[in-house]
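A.B. asks: structural data only, the sequence is not supplied:
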């Protein structure tokens, strides 16, 4: 149930009727779009995973751009990045450089993944790992890591919706029973589940246009209107610096306006590790593989940085909330929704709340579809029913997408929000450990499958135990994602340290296993697969869906 300390009782004014009406209007509009998306660019043979889970692999540059933007820049980003600035100052800006670093990185490997996936009908990264290294065990490890890392990420999209509902005063007030308090969230969840089940990836692809348009509009207005009301950016930074210098729960200043020398290792490693991890997430790959050509991916890596500009402006809202004296009732996640409620006219606050709410629906839908694809292809088909037909895969994936969202909802309703947030940070540590198998496999077959599995296990074990040992003022365990780097003594991102250990173990064991001539498995890919495009001989995008979905199809 909702933690009372995280719910604003909408004050004596009760429900903000105007803001709620605007919010409901946009929510109903995207709900209709979600259901209509089932008919959008629908293929004659639609009962297969390519159509439901990848949108028929048919999206062009602009649809892919909006889909990836809607996928990567979520409601939680809208809420959490400025909340981190509000709570700790400059440390929260790590999200800006990491989204700049990530695009040159993905330019080097995403086109190769797209090509080999289309050549062989791969739907998930685990499909590729299995085909490249001939190892169902390694494929299963990658799939389970993806599922584990995605669940709290979906849950946090629902936390974003819940924050907006709290600020609008929806849910019966602070003293209502848990069912009345959470009923609006349950309704939003049910609608999301229904149109995702019906329309698959086409629903978030269509809604992403509305979501990103609203977010750009709200940020453009906020970055001009709010500073004018607060006396300009000079006043904002001055007030934020004074507020961050005040003692926090530990007795030390709560944050810094600019990162000092002691924070630079943590800042740099968190930015780099997050950049390496971002496109390891299943939902990032699902959006990528839905595009219709290799060049669509290459073009998107050059225009997606526009979102990083938006993110920089968005982060500044945290400083504005400090200057405005925004009352979050002890929950920093409410800083930006409450700032909007305090600063904007009610009707435009409703638009801003709709941007955050819809910004939760799009990534939550993509994430649940990505998780369903992973389970269906790499657990159900590989281990439970190898003879499953494309129609059976389609049915299982739709059902699993519902179960994943139910699990995320239970996660939100039963766990403290701070714990949920830190589990998402743990998800980043976990998913980074799949990088050697995925990205390494796209460029070389030198790594041994058993060495990759051992390296993954070491990275997962170290990362989990190190994160477990991190305490915070509110938690004894899983209190953050930074710890001392062994051998260096500086505080840094646990995920990057675990990744380095992973690579060291993988390389060392590969040398040993090759010397022992351990069986390496069969590689079903060929060099030409990694540069193939639509129209090249053998690319499955030109084949019927049933053929394209067959494992190893050429």
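C.D. replies: Sure thing, it's come through. What you see is a predicted model; the values in this text were computed from it and never measured. Numbers count the residues shown, from 1 in each chain.

A.B. asks: after the helix or strand containing residue 356, which helix or strand is next?
C.D. replies: Residue 356 is part of helix 346-375 when elements are defined by DSSP states H and E. Sequence order places helix 390-414 as the next helix or strand after helix 346-375, per DSSP H and E.

A.B. asks: and that next one with helix 346-375, angle?
C.D. replies: In terms of direction (axes from the mean of the first three to the mean of the last three Cα atoms, to 10 degrees), helix 390-414 departs from helix 346-375 by 130 degrees.

A.B. asks: for helix 390-414, which positions count as buried?
C.D. replies: For helix 390-414, a neighbour-count test (16 or more other Cβ atoms under 10 Å) marks 390, 392-394, 396-398, 400-401, 404-405, 407-409, 411-413 as buried. All C-beta spots, glycine's among them, are computed from the backbone N, C-alpha and C.

A.B. asks: same question, stretch 93-100
C.D. replies: 93-99.

A.B. asks: equivalent analysis for stretch 71-80, please.
C.D. replies: Quick answer for stretch 71-80 (16+ other Cβ under 10 Å): 71-80.

A.B. asks: can you pull out the strands in the stretch 151-300 of the chain?
C.D. replies: Using DSSP state E, counting those that start in this stretch, no strands are found in the stretch 151-300 of the chain.

A.B. asks: flag the shaky bits of the stretch 351-500 of the chain, pLDDT-wise.
C.D. replies: For the stretch 351-500 of the chain, the stretches with pLDDT under 70 are 415-423.

A.B. asks: next: the chain.
C.D. replies: Residue ranges of the chain with pLDDT under 70: 1-14, 41-46, 171-181, 249-250, 415-423, 535-554.

A.B. asks: grab the longest helix from it for me.
C.D. replies: Determined from DSSP state H, the single longest helix within the chain is helix 136-168.

A.B. asks: how far is that one from where the chain is centred?
C.D. replies: Centroid separation for helix 136-168 versus its chain: 7 Å, with Cα atoms, centre = their mean, to the nearest Å.

A.B. asks: so which bits of that helix are buried?
C.D. replies: Of all the residues in helix 136-168, those buried under the rule 16+ other Cβ under 10 Å are 136, 138-168.

A.B. asks: now do stretch 326-339
C.D. replies: For stretch 326-339, the buried set under the neighbour-count rule, 16+ other Cβ under 10 Å, comprises 326, 328, 331-339.

A.B. asks: can you check stretch 523-537 too?
C.D. replies: Applying a neighbour-count criterion of 16+ other Cβ under 10 Å, one finds 524-525, 529-530, 532, 534, 536 buried in stretch 523-537.

A.B. asks: tell me how far it lies from the chain's centre.
C.D. replies: Its chain's average C-alpha position is 29 Å from that of stretch 523-537, according to Cα atoms, centre = their mean.

A.B. asks: likewise stretch 189-203?
C.D. replies: Its chain's average C-alpha position is 18 Å from that of stretch 189-203, according to Cα atoms, centre = their mean.

A.B. asks: can you pull the buried residues of that stretch?
C.D. replies: By neighbour count on 16+ other Cβ under 10 Å, the buried set for stretch 189-203 is 189, 191-193, 195-203.

A.B. asks: what about residue 265, neighbour count?
C.D. replies: 18 (other Cβ atoms under 10 Å).

A.B. asks: what does residue 488 give?
C.D. replies: Per other Cβ under 10 Å, the neighbour tally for residue 488 reads 10.

A.B. asks: so for it, what's the nearest residue that isn't a sequence neighbour?
C.D. replies: Closest residue to residue 488 apart from its sequence neighbours, by Cβ to Cβ, 6 or more residues apart in numbering: residue 265 at 7.9 Å.

A.B. asks: count of neighbours near residue 231?
C.D. replies: For residue 231, using other Cβ under 10 Å, the count is 12.

A.B. asks: from here on, count from 40
C.D. replies: That works, and once the first residue is 40, the last one we named lands at residue 270.

A.B. asks: still on that earlier bit, can you lay out the buried residues of stretch 110-119 as JSON lines showing secondary structure and distance to residue 273?
C.D. replies: Output for the buried residues of stretch 110-119, formatted as JSON lines (DSSP: H, G, I helix; E, B strand; the rest coil; distance: Cβ to Cβ, whole Å):
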{"residue": "110", "secondary structure": "helix", "distance to residue 273": "36"}
{"residue": "111", "secondary structure": "helix", "distance to residue 273": "32"}
{"residue": "112", "secondary structure": "coil", "distance to residue 273": "28"}
{"residue": "113", "secondary structure": "coil", "distance to residue 273": "32"}
{"residue": "114", "secondary structure": "helix", "distance to residue 273": "31"}
{"residue": "115", "secondary structure": "helix", "distance to residue 273": "30"}
{"residue": "116", "secondary structure": "helix", "distance to residue 273": "27"}
{"residue": "117", "secondary structure": "helix", "distance to residue 273": "26"}
{"residue": "118", "secondary structure": "helix", "distance to residue 273": "26"}
{"residue": "119", "secondary structure": "helix", "distance to residue 273": "26"}
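
A.B. asks: which of the residues you listed lies closest to residue 328?
C.D. replies: Closest to residue 328 out of the buried residues of stretch 110-119 is residue 110 (12.0 Å), distances taken as Cβ to Cβ.

A.B. asks: in contact with the closest one, which residues?
C.D. replies: Residue 110 sits next to 243, 247, 322-323, 325-326, 401-402, 405 when contact means Cβ atoms under 8 Å, 6 or more residues apart in numbering.

A.B. asks: now residue 431
C.D. replies: With Cβ under 8 Å, 6+ apart, residue 431 has these contacts: residue 424.

A.B. asks: separation between it and residue 88?
C.D. replies: As defined by Cβ to Cβ, to the nearest Å, residue 431 lies at a distance of 10 Å from residue 88.

A.B. asks: what of residue 535?
C.D. replies: Residue 535 is 34 Å from residue 88, where distance means Cβ to Cβ.

A.B. asks: so those two - more neighbours on which side?
C.D. replies: Each of residue 535 and residue 88 has its neighbours counted (other Cβ under 10 Å); residue 88 has more, 27 against 23.

A.B. asks: can you tell me the element the spatially closest residue to residue 139 that is not a sequence neighbour falls in?
C.D. replies: Using Cβ to Cβ, 6+ apart and skipping residues adjacent in sequence, the residue nearest residue 139 is residue 347, 5.2 Å away. If you go by DSSP H and E, residue 347 is part of helix 345-363.

A.B. asks: buried set for that helix?
C.D. replies: Quick answer for helix 345-363 (16+ other Cβ under 10 Å): 346-347, 349-351, 353-363.

A.B. asks: which of these lies closest to residue 545?
C.D. replies: Nearest member of the buried residues of helix 345-363 to residue 545, counting by Cβ to Cβ, is residue 347, at 31.1 Å.

A.B. asks: thought that closest one was touching residue 140?
C.D. replies: No. The pair residue 347 / residue 140 is not scored as a contact, 9.7 Å apart, by Cβ atoms under 8 Å.

A.B. asks: residue contacts, the residue nearest to residue 55 when sequence neighbours are not counted?
C.D. replies: Of all residues not flanking residue 55 in the chain, residue 207 sits nearest, at 5.1 Å (Cβ to Cβ, 6+ apart). For residue 207, the contact set (Cβ under 8 Å, 6+ apart) comprises 49, 54-55, 58-59, 62, 380, 392.

A.B. asks: can I get those residues in CSV including distance to residue 161 and secondary structure?
C.D. replies: Shown next, in CSV, are these (distance: Cβ to Cβ, whole Å; DSSP: H, G, I helix; E, B strand; the rest coil):
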residue, distance to residue 161, secondary structure
49, 48, coil
54, 48, coil
55, 47, coil
58, 45, helix
59, 44, helix
62, 39, helix
380, 46, helix
392, 39, helix
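
A.B. asks: filter those residues down to the buried ones.
C.D. replies: When the contacts of residue 207 are checked for burial by 16+ other Cβ under 10 Å, the buried set is 49, 55, 58-59, 62, 380, 392.
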